[in-house]
Every structure is written in structure tokens, then in C-alpha cells.
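>>> kindly return the folded structure for what I paste below:
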Amino acid sequence: MIFAGNQERGYFSEEFAGKNGLDFAYVGTYPHIADQTNDILRHGKQDYTIFDVDTYIDDADEIADQIIRICRANNSKAIVYAPGYMLESAMIMALYDKGITYFITAQTLSSMKDQLEKCINGYYDANGIEEFKVIQREKNLEEEKKNLNIKLIGVAGACNRIGTTTHAMQIIRYLQLKGYKACYIQMNSTKYVSNMLEWFNVESQDEEIGRITYSGIDHFYNVNKIQDVLRLGYDYYVYDYGVNCDVNFNRVSFMEKDIKIFVVGADPTEIPYTYEIVKSAFYDDVKYIFNFAAKTDADDLKELMGDKYGSSFIAEFIPDKYVYVPTEIYEKIIPVTDLSVEQNKTKKRKGFFGKKRK
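I've put the predicted structure just below:
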């Protein structure tokens, strides 16, 4: 086993190799992976070569191509060491798309060793990495969406108990009121739908596709069935992504939605989380709904939001998430033609011309 990087970062793999009777060596760091190639190959045939991708300044495709060349040459399996990287990052996805499937992204010693062991004992070969399966499903959804006349709305919160699910349900109520079919999709780890199923009297349930219906709203909770859900004929799909500060928050999937909404706050316990989102260059083309904020705070919020103030709105008080509170906010964020008016006109016309003659 070779660790292409320094000892300070690779010590966990050295310990693992020692405990498992594997020969081990370090290869010094280089800013360009091509310059490291000969040093790695001087060690001859290897079972595994671990690459610390943080040491390179090359772009992701160049790193991926060179890793493949090196591992072909020394007949080893490539393991990418990228602690703290999200699996949907450009670097990881470029490597994955080229056929590299062993990754160590953990940041604690025990988790690093666990991921390394799974790479070596064939766990990922047999089971894959669940996060990659989700990412692939998202790609498939985007392809399928191109052929369907639907809109996807992503709703996320700055922190816990900020009202993310409340506004997701209010958006669905708004769309239903306008004459559209809309549903709720749980894309977080809160167990909101399963708790509802356990403690509330739901109107119906479909375990096959992962759906419950409560208060006239279809709630979907099985992410493995989303492609099937998209074929069910809803006009709008409202995704509840949970909160930005959750380690499992899928920001890439959130940003791929047609309409993206963050529910944020101005309370002293909420402002740090709100500011973290606002200052991030990653979140472009996003709308912000301030929950539990007073309209008299508008001037202070303008200072906080800066150039994103024009995309910010202060919500009305919502005592019950399933009871719609009339507001202009959703009309500004999601402007739609009021189909209910058109439908009523059609019904009246049919009633007049369809009158039976005696």
C-alpha cells in the first residue's frame, strides 16, 4: 500500500496497514500529480494506492486521468483521500464518473479507518455508496423532468424549528388554491412523515410508492421512488430539504430545483445561520422567507441581506401549517395563472349550454 501524501495526513492508513500485515510506503507531495508518477511507480506493484487529492493544484479531470494511468501501471486499486469533501463536489464526481469508486471523505480517525477497511474488504464493490446512488437518481430525475411539464420547488431552512415544513405546506395550499396539483416530498432525515403516520389519522396510505395523504395533501417519503412519483401527473413537486446546517443537507440537489426557497430568521439564535447562507456565493438565485420576523424589522433585515434584500420576504404568522394564510409572498415567488378562475368559468359555460330542453 502506498500513500501519496505526507505522513501527517496519512498516518491512519499506515496504522491500518501495520495491523493488517500490509507493506506500506509514503510518496512525497507534488503540486502536479504527473510529477509524482515516477516516484509512485518506483515502488513496483501495489495492491492499493491512496491519493491525497488536496495536495494537487490540477483540475479534477487531470487528476482523475492521471490516477487511472498510475494504477494501471502498478496494477493497484485507487483510493482517493478527500477528507471533508461532499460526494457531489466537482472533484469527487469527476473521479467517480471516470470509474474511481473508492473514497475516504470522513474527518475523524475512526471513520477514516472504517471507510478504508470498506474499500479494501470489497464492501463498496458489493453494496456501492448510498450517497452516489442518490446523486445518480437526481441526475436521472433531471433527464426525465425535461420530458415532463412539471416544476420542482426546493424549500430548506437555515436552522431547526425555523418553519421549513410549514412553508412547504403553505406553498402546496397556495398552488391548490390556484387550481394546480401539488404534492410534498420529504428529502430530509426528520422522519416527519413516518411520525405523522404513527401519531395522526391519515386519510390514505400507499406503502408501495411511499405515500400518505393527510389534510388533502399527498406526502411522499421514499426517495427511491421519486422517479415513479414524477410520473403521477402533479403540476408542482415541493421538496422539503430540512436545514442547511444538517450534515446530510443535499445542497447540490436543492440548487438544481426550478425554484429555491430558504426559510430564515432574525432571532438572535437564528441570525448566525441566516448570515452563513446569505454570505455564501454558492446560493445564487434563491428566495428568502423570514419566519417569525416583525415587519418593523424590515430596515434591519435590509442591512443583513445586502444585495439579496430584493429576494427577501417577511412571512405572515401561520398558526397551523395545513391551514392556508393568504399572503402575497407566494404569488411573488411563484407567480402562476389562476386556473381556478378559468375552471369556474368553464363550469358556468357548460352549465348554460348543457341545459336540457323540455
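>>> domain assignment for this structure?
2-128, 135-338 (automatic domain parsing).
>>> turn those domains into CSV, columns for mean pLDDT and mean neighbour count.
For every residue, glycine as well, the C-beta is placed using N, CA and C. Shown next, in CSV, are these (pLDDT from 0 to 100; neighbours: other Cβ atoms under 10 Å):
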stretch, mean pLDDT, mean neighbour count
domain 2-128, 90, 17
domain 135-338, 90, 17
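>>> tell me where the stretch 151-300 of the chain has strands.
Ranges of strands in the stretch 151-300 of the chain, per DSSP state E, counting those that start in this stretch, are 151-157, 182-186, 204-206, 211-214, 217-220, 236-243, 259-264, 287-290.
>>> partners of the residue nearest to residue 241 when sequence neighbours are not counted in the sheet?
Leaving out its chain neighbours, the residue that sits closest to residue 241 by Cβ to Cβ, 6 or more residues apart in numbering is residue 156, at 4.1 Å. Beta bridges link residue 156 to residue 262 when assigned by DSSP bridges.
>>> for residue 156, list the residues it contacts.
Residues in contact with residue 156 (Cβ atoms under 8 Å, 6 or more residues apart in numbering) are 164, 240-244, 249, 254, 260-263.
>>> try 6 Å this time
Listed by Cβ atoms under 6 Å, 6 or more residues apart in numbering, the contact partners of residue 156 are 241, 244, 254, 262.
>>> which SS class is residue 67?
The three-state label given to residue 67 by DSSP: H, G, I helix; E, B strand; the rest coil is helix.
>>> what bridges to the nearest residue to it once chain neighbours are set aside?
The shortest distance from residue 67 to any non-neighbouring residue, by Cβ to Cβ, 6+ apart, is to residue 78 (5.0 Å). Beta-bridge pairing for residue 78 (DSSP bridges): residue 49.
>>> all numbers from here: first residue = 228
In the new numbering, first residue 228, that becomes residue 305.
>>> isn't residue 305 up against residue 296?
No. Contact criterion Cβ atoms under 6 Å: residue 305 and residue 296 do not qualify, at 10.4 Å.
>>> closest to residue 244 among the contacts of residue 383?
residue 471 (38.1 Å; Cβ to Cβ).
>>> for the closest one, list the residues it contacts.
Residue 471 touches 383, 385, 504, counting by Cβ under 6 Å, 6+ apart.
>>> could I get those residues as CSV with distance to residue 551?
Converted to CSV, the contacts of residue 471 look like this (distance: Cβ to Cβ, whole Å):
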residue, distance to residue 551
383, 21
385, 23
504, 26
